[in-house]
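**Student:** task: produce atomic coordinates for the following.
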Amino acid sequence: MPQIIVLPHEELCPQGTLFDVEPGVSICDALLQHGVEIEHACEKSCACTTCHVILREGFNSLEPAEELEEDLLDKAWGLEPTSRLSCQAVMAGKDLVVEIPKYTINMAKEGHK
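**Tutor:** The predicted model follows:
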């Protein structure tokens, strides 16, 4: 079964983590299911960029982004050639190394004061 390896993120996953993921599950859902509380302000409807991730390994194993995702990614903080919206990127059969950017362009974070 493929794994997601999450690189350390100061707030969401200070030590980093890794876990197995069934193919067909979105990266966002997998992160949330394993306690990595990535933002997803639009409730995973591909309407914002708060769940933006950078794939450090495994990018080419994913299906290509659709046009709407590509258009939104242009607005993401810290965009890189291997960036994806984690709500739209679905696990295939290969391991992924995921970096969650330090910032998002979300103006209000739910659950934070």
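
**Student:** what's near enough to touch the residue most central in space within the chain?
**Tutor:** Taking CA atoms, centre = their mean, the centroid of the chain lies closest to residue 86, which sits 3.2 Å from it. The contact partners of residue 86, by CB atoms under 8 Å, 6 or more residues apart in numbering, come to 26, 27, 28, 31, 38, 40, 51, 52, 53, 98. Placement of C-beta: from N, CA and C, glycine included.

**Student:** Three-state assignment for the fourth one, please.
**Tutor:** Secondary structure for residue 31, judged by DSSP: H, G, I helix; E, B strand; the rest coil, is helix.

**Student:** could you shift the numbering so residue one becomes 54, and keep it that way?
**Tutor:** From this message on, residue numbering opens at 54, which makes the last subject residue 84.

**Student:** show me what contacts it?
**Tutor:** The contact partners of residue 84, taken as CB under 8 Å, 6+ apart, are 57, 59, 90, 91, 139, 151.

**Student:** stretch 68-82: how far from the chain's middle?
**Tutor:** A distance of 10 Å separates the centroid of the chain from that of stretch 68-82, by CA atoms, centre = their mean, to the nearest Å.

**Student:** ends of that stretch, how far apart?
**Tutor:** End-to-end span of stretch 68-82 (CA to CA, to the nearest Å): 20 Å.

**Student:** what residues sit buried inside it?
**Tutor:** Using 16 or more other CB atoms under 10 Å as the test for burial, stretch 68-82 gives 70, 74, 79, 80, 81, 82.

**Student:** does the fifth one touch residue 144 like I think?
**Tutor:** Read it as residue 81. No. Shown here, residue 81 and residue 144 do not form a contact pair, counting by CB atoms under 8 Å, at 10.8 Å.
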